[in-house]
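# what's the 3D shape of this:
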Amino acid sequence: MALFGNKIHFLTRDREAAKRRLASVLAAGNVKLTSVIPRKLSMEDVFVYRVLSLERGRKMVSRSTPNMGYAP
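A predicted model of the protein is given here:
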């Protein structure tokens, strides 16, 4: 999931389940879901997805890797 201005882009295999989950999460923050519009992936979507995936992987590794004596 990534924010693009006032829009949220997300990838899913199950559109209806994702729509229900997103509506629930937004409602918990008092935000109303107004529409969900399916569209084809753009190169930007793929790029953002890859960058976010790599960042998440790096954070997971840094949390699980012990400090090797280097100063932060």
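# for Met1, give me the pLDDT.
You'll see Met1 listed with a pLDDT of 62.
# Val46 and Gly57: what is the separation?
16 Å (CB to CB, to the nearest Å). Any C-beta I mention is one placed from the backbone N, CA and C, and that applies to glycine too.
# so who does Val36 touch?
15, 19, 22 (CB atoms under 8 Å, 6 or more residues apart in numbering).
# swap the cut-off to 6 Å and go again
Taking CB atoms under 6 Å, 6 or more residues apart in numbering, we find Val36 in contact with Lys19.
# now it, what's its secondary structure?
When classified by DSSP: H, G, I helix; E, B strand; the rest coil, Val36 comes out as coil.
# from Arg21, how far off is it?
For Val36, the distance to Arg21 equals 11 Å [CB to CB].
# same deal with Arg39?
Distance from Arg39 to Arg21, by CB to CB: 19 Å.
# leaving out the residues flanking it, which one is nearest to Pro38?
Arg15 (6.5 Å; CB to CB, 6 or more residues apart in numbering).
# count residues in the vicinity of the one you found, would you?
11 (other CB atoms under 10 Å).
# low-confidence ranges, the protein, go.
Applying pLDDT under 70 to the chain picks out residues 1-4, 59-72.
# and with 80 instead?
Filtered on pLDDT under 80, the chain yields the residue ranges 1-11, 58-72.
# got the buried residues for the longest helix anywhere in it?
Secondary structure of the chain per DSSP state H: the longest helix is helix 43-64. Across helix 43-64, burial judged by 16 or more other CB atoms under 10 Å covers 45, 48-49.
# try stretch 19-38
In stretch 19-38, counting by 16+ other CB under 10 Å, buried: Leu22.
# span of that stretch from start to end?
11 Å (CA to CA, to the nearest Å).
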